[in-house]
Each structure stands twice: as C-alpha cells, then as structure tokens.
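Q: Turn this into a structure:
(chains A and B)
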Amino acid sequence: MKKYIGLFLIITLAFSGLALAVMDDQPFVSTVAGVQTNAQNQVLRGELYAIHFDVAASSTQTITVATARQLIFKKDVTADGIYYPMVPLCATNGNAITFVGGTNDTANAFYGKIPLAGKVTVTVLGGNAVTSTNANTTTLIYNK
Amino acid sequence: MNEAYYTQLGDRADLADVEVNAPEGYIASQILPIVTVKEKTGVIYYATVTADVTAQAGRAAGAAPNGTQISDSSTTFTAAESIKRGKITPDEVKTMGSIQKADLVGAKFAKRSVMNAFEGDVAALIMASGSAADATFDPSKVRTQIQTAKQSMRLYQGQTALIAATYNIESMLQSMLSDSVYGAALARLVTGSSGVEAVRGITLEAWKQALALFFGVGKVLAGDDTVWNATAIAGRFAVGKLDDSGDELAHKYQPVLGKVFQFAPDGKNPWFVESIPDRITKNNYYDATQWYDAVILNSDAVYVFDGVPQS
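A: Prediction:
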C-alpha cells in the first residue's frame, strides 16, 4: 500500500511541476541613433526557446544576447525575424555527445535548449550612420 | 480684438504666488530637499562618511590616543535657468471668460511645465541615467539584493526608502508574485487569511506597505510614470537614504544624499513669472522661470537597480 501512496505522490508532484512551467515572453526595448550602443538587462530563469527581433526598417544593427556566463546569440539584423537557438550538449568529460546518422551518416552533435539562470543582457549596436533614432524590441521567449 | 483680451506687461508677483498642485507622483523634493539660496552660484561644504577606524586597545599609560581627523568636503553649485512660456491668443481669452482667467491658465501651465522639468532632472540624477546600475532586479533574490543595498548605505543619514515609478512597483510585484521563491509569502502578507483583508490588499497603498515591510525600508515612494520611468531610465528603481531631519543645512554636519539649491530672486519665492501682451503676433505670453541645481553630495547613499520588466 505504501508503495502505491509513494507512486501517487511522485506522479502528483511531477504533474504539479509541469503545471508550474509556463512559456513567457520578455521584451528588451531599446532606441539607438547612428552607431550608438544600448544595453538592457533582465534576470530570467528557464529554458530559452526563441529570440524575436522587431527592428526599425532599413537599418542595420548588431544585436547581441548574452548572459554573464555565455554568448547566446549575435547577429546583424536588418529586418524583423525569429530564431530558435540551441547549443551542442557534452558529456561529463566535456566532449561533445554525438550520434552517427543522418544523410551523411557521420558523427553529428546533439543540441539542447539554452539554460537561463541570471542576468541576460541584450545589446544593440547601431551599424549605420543614420542619425534618426531607431526603436528596437528584442523578445526572448522562454519556458520559466 | 478687444483691449480687454490682452494681458498686462511686466513681472507678475500675483501669478508667481499662484499655487500649482504637483501631480501625484512628483516625489523629487522628498528625495532631495530644497535649499533656498540668494546667489546663483556658490560653494557648498558638506559632510561625508568618515570610515570607521579600529579603536585602540592596550594604550600605554600617558600616551595620547590615536586620532582620526574629520572634516567636511566641498563642491560648487550653479543654479541654471528652467523656463517655459505659455501662449494664449486673445480669441482664446474670450473663450475662457476673461483675461484674469487666462492669466491663471497660462501661468499654471508654464509653472507646471517647469515643475515637470525639475522632477525629470532629479529622476535622471537619482536613477543614474546614462550610467550602469548597481544591480539588476532579480525577483528570486530580491531580499538579499535589497540587503546588499541597505548595507552599502548604512552609515548615511536618513530614512531608507524604495524609490520607483508606479509602473515599476506594479511590475516588481507582478514578477515577485509569480516567482516560486517569494510569491506565496508576499501574497499572504497583503491578502492575509480573511476575505476582508484580501479586499484591502487590492489597493496600491496596501501593496506599497507590503513592499516596505517585505524589504525592510521606511517607506515606498511611487513616482509619476512619465517622469520616473522615462525612456532613459526605464525599468530602474532605487533604494536611498532620504534626509528626514527637516534642517535645510543638514548637509553641513550629516552625510546626506543630496540637495537642490534653488535660487529665489526675492530671497523667498523661487518663481519668477512675467506676462507679455504681443500685438505683433497677436498673442499673450506667460513665462515662468526657476533657477536650480540638483546636487548629489554622497552618491553611495543611493543604490540603483535596473531590469524591472517593462511589459
């Protein structure tokens, strides 16, 4: 009987844990004129699923998303877009975990979601000499 | 247009005395108290924190105790002009009823605009506009973050306060309530266990009190969103020591955060208001002027956070 009660508790806890995890979006709003740089910080905890850019039309800007520990994403952006970044996973010895398969039938890396557990900084560098102010919104969609 | 719809030319002490109620959320003068000065520039002598020095033990009989010299620092202030002109055409004066009514409307608008600029200047200074914040708001670790802030300013004079735009207070609460670390505890603090308490807990005032209690600060100042959450300082809030001595010259002997040095042309009223009837452009002008300099004397008496979610 105790075994069943324990099993029930484990299942209940597992489901309540699943119920707590929700997808959320966190926008980082910045304005830059010309080659100015603007950095915005937020503390986020969870798994990163997507990065969406809403940028001013016909302006080239370098957008960097980073935590204190790692670079997550860096791209010259000229138009709105959405990206789904992942990172290669490694074993306990630090070597990449691979599997053989695919169309080339060679070793391929396994990729996983990027963990977020602290300050995330989105930096926007205006890449042109446009003097007008460009408004940008970089939105991180993550499971918290 | 009728002569009666043009205002008079000259200084308007009567309009300078007109009371203009600051919009709710104008908190600058509570953070940096105003010192009225009779010169537009000058030197201020102010107290700083003299770091603690280990007290002496085992002093030899007859030997003088070790001493640490304590002295004031000094800086300068320059009260700069802040001016706004309100314009009302004679046609509008007629609509408003009389030139006396229009005088009030024009002067109040001009004065309120100067008050807005004053508030914005202090907000930019307190929230360290253009500079990196001391920390980034983390809803899961905010209590230790606030403690770090309070510890860093423990030797400064005044009451500890949380300073934030109303929007940022709401956003912080939203983040903390949805956080698994503090959410439940914070919710219980406000809504309690009874239905009556829960209803009371809906008001912003109750949430502000809960935040003050939760963070262990003396009070929470909720600033106007357009000023205290302006683009350059969006998502920022601060913990600071507010001079509560009531003494205009407290900065000379107590390490306070800062002061606003405000020039009063007549030694009393900081407002200078003029009205000008202009027959060439067929308009009435109302100019309100103040001169002030907001000065941070002890920058370590405020600790700035960024990263409060903006949506």
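Q: Secondary structure element holding B:Gly106?
A: helix B:99-126 (DSSP states H and E).
Q: What residues of that helix count as buried?
A: By 16 or more other CB atoms under 10 Å in any protein chain shown, the buried positions in helix B:99-126 come out as B:99, B:102-126. (C-beta placed from N, C-alpha, C; glycine too.)
Q: which is the next helix or strand following the helix or strand bottoming out on mean pLDDT in chain A?
A: Ranked by mean pLDDT, DSSP states H and E, the weakest helix or strand in chain A is helix A:2-20, scoring a mean of 48. Moving toward the C-terminus from helix A:2-20, the next helix or strand (DSSP H and E) is strand A:23-33.
Q: who's in contact with that following strand?
A: Strand A:23-33 has contacts (CB atoms under 8 Å, 6 or more residues apart in numbering or on different chains) with A:38-40, A:42, A:44, A:46, A:49, A:61, A:122, A:124-126, A:130-144, B:231, B:234, B:309-311.
Q: Paired strands for the next helix or strand after the helix holding B:Gly106, with orientation please.
A: Using DSSP H and E, the helix or strand that directly follows helix B:99-126 along the chain is strand B:135-136. In the sheet, strand B:135-136 lines up against strand B:302-306 (parallel) (DSSP bridges).
Q: Off-centre distance for the strand it pairs with?
A: Strand B:302-306 sits 14 Å away from the centroid of its parent chain (CA atoms, centre = their mean, to the nearest Å).
Q: Low-confidence ranges, chain A, go.
A: Applying pLDDT under 70 to chain A flags the ranges A:1-20, A:58-59, A:128-131.
Q: Around chain B, pick out the residues from it.
A: Neighbours of chain B within chain A, by CB under 8 Å from any CB of the partner chain: A:20, A:25-27, A:29, A:31, A:40-43, A:45, A:118-119.
Q: circling back: what mean pLDDT would you report for the helix holding B:Gly106?
A: Mean per-residue pLDDT for helix B:99-126: 97.
Q: now swap in stretch B:255-264 and tell me
A: Stretch B:255-264 shows an average pLDDT of 96 in the prediction.
Q: so where's chain B uncertain?
A: Of all residues in chain B, those with pLDDT under 70 make up the ranges B:1, B:197, B:200-201.
Q: And the strands in chain B?
A: B:10-11, B:34-37, B:41-46, B:73-78, B:80-88, B:135-136, B:159-165, B:219-223, B:237-242, B:258-263, B:272-278, B:283-296, B:302-306 (DSSP state E).
Q: Which of those strands sits closest to B:Ala63?
A: strand B:73-78 (31.1 Å; CB to CB).
Q: How far off centre is that closest one?
A: 20 Å.
Q: ok, now stretch B:102-119?
A: For stretch B:102-119, the distance to the chain centre is 18 Å (CA atoms, centre = their mean).
Q: repeat for stretch B:180-199
A: Using CA atoms, centre = their mean, the offset of stretch B:180-199 from its chain centre is 31 Å.
Q: contact partners of that stretch?
A: By CB under 8 Å, 6+ apart, the residues outside stretch B:180-199 that reach it are A:20, B:139-143, B:173, B:176-177, B:201, B:206-207, B:210, B:213-214.
Q: One more pass at 6 Å, please.
A: B:140, B:176-177, B:201, B:206, B:210 (CB atoms under 6 Å, 6 or more residues apart in numbering or on different chains).
Q: ok, and the most crowded of the residues you listed?
A: Counting neighbours by other CB atoms under 10 Å in any protein chain shown, B:Met176 comes out on top of the contacts of stretch B:180-199 with 21 neighbours.
Q: Tell me who's in contact with the closest residue to that residue other than its chain neighbours.
A: In space, and not counting its chain neighbours, B:Met176 is closest to B:Pro139: 4.7 Å by CB to CB, 6 or more residues apart in numbering or on different chains. Contact analysis of B:Pro139 by CB under 6 Å, 6+ apart lists B:175-176, B:179.
Q: Among those residues, name the ones in helices.
A: Mapping the contacts of B:Pro139 onto helices (DSSP state H) picks out B:175-176.
Q: Just want the most central residue of chain A.
A: Geometric centre of chain A, nearest residue: A:Leu48, 3.9 Å, by CA atoms, centre = their mean.
Q: May I have the beta-bridge partners of that residue?
A: A:Ile114, A:Tyr142.
Q: Distance-wise, check it relative to chain B.
A: Taking CB to the nearest CB, to the nearest Å as the measure, A:Leu48 falls 16 Å from chain B.
Q: burial of the closest residue to B:Gly258 other than its chain neighbours, as a residue count?
A: When the adjacent residues along the chain are set aside, B:Gly258 lies closest to B:Ile296, with 4.2 Å between them (CB to CB, 6+ apart). For B:Ile296, the count of nearby residues is 17 (other CB under 10 Å).
Q: and what of B:Thr75?
A: If you count neighbours by other CB under 10 Å, B:Thr75 ends up with 11.
Q: what's near enough to touch it?
A: B:Thr75 neighbours (CB under 6 Å, 6+ apart): B:Ile44.
Q: again, only this time at 7 Å
A: Taking CB atoms under 7 Å, 6 or more residues apart in numbering or on different chains as the criterion, B:Thr75 is in contact with B:44, B:295.
Q: ok, what's across the strand from it?
A: B:Ile44.
Q: how close does it get to chain A?
A: 30 Å.
Q: Look up how far B:Asp91 lies from that residue.
A: According to CB to CB, to the nearest Å, B:Thr75 stands 50 Å off from B:Asp91.
Q: got it, and A:Ala96?
A: Counting by CB to CB - A:Ala96 and B:Asp91 are separated by 78 Å.
Q: Excluding chain neighbours, give the residue nearest to residue 127 in space.
A: No chain was given, so I picked chain A. Going by CB to CB, 6+ apart, A:Gly127 has A:Thr60 as its nearest residue, at 4.0 Å.
Q: Oops, wrong one, chain B.
A: B:Ile233 (4.0 Å).
Q: burial count for B:Val49?
A: By the measure other CB under 10 Å, the count of residues near B:Val49 is 14.
Q: And for A:Ala107?
A: Neighbours of A:Ala107 under the rule other CB under 10 Å: 12.
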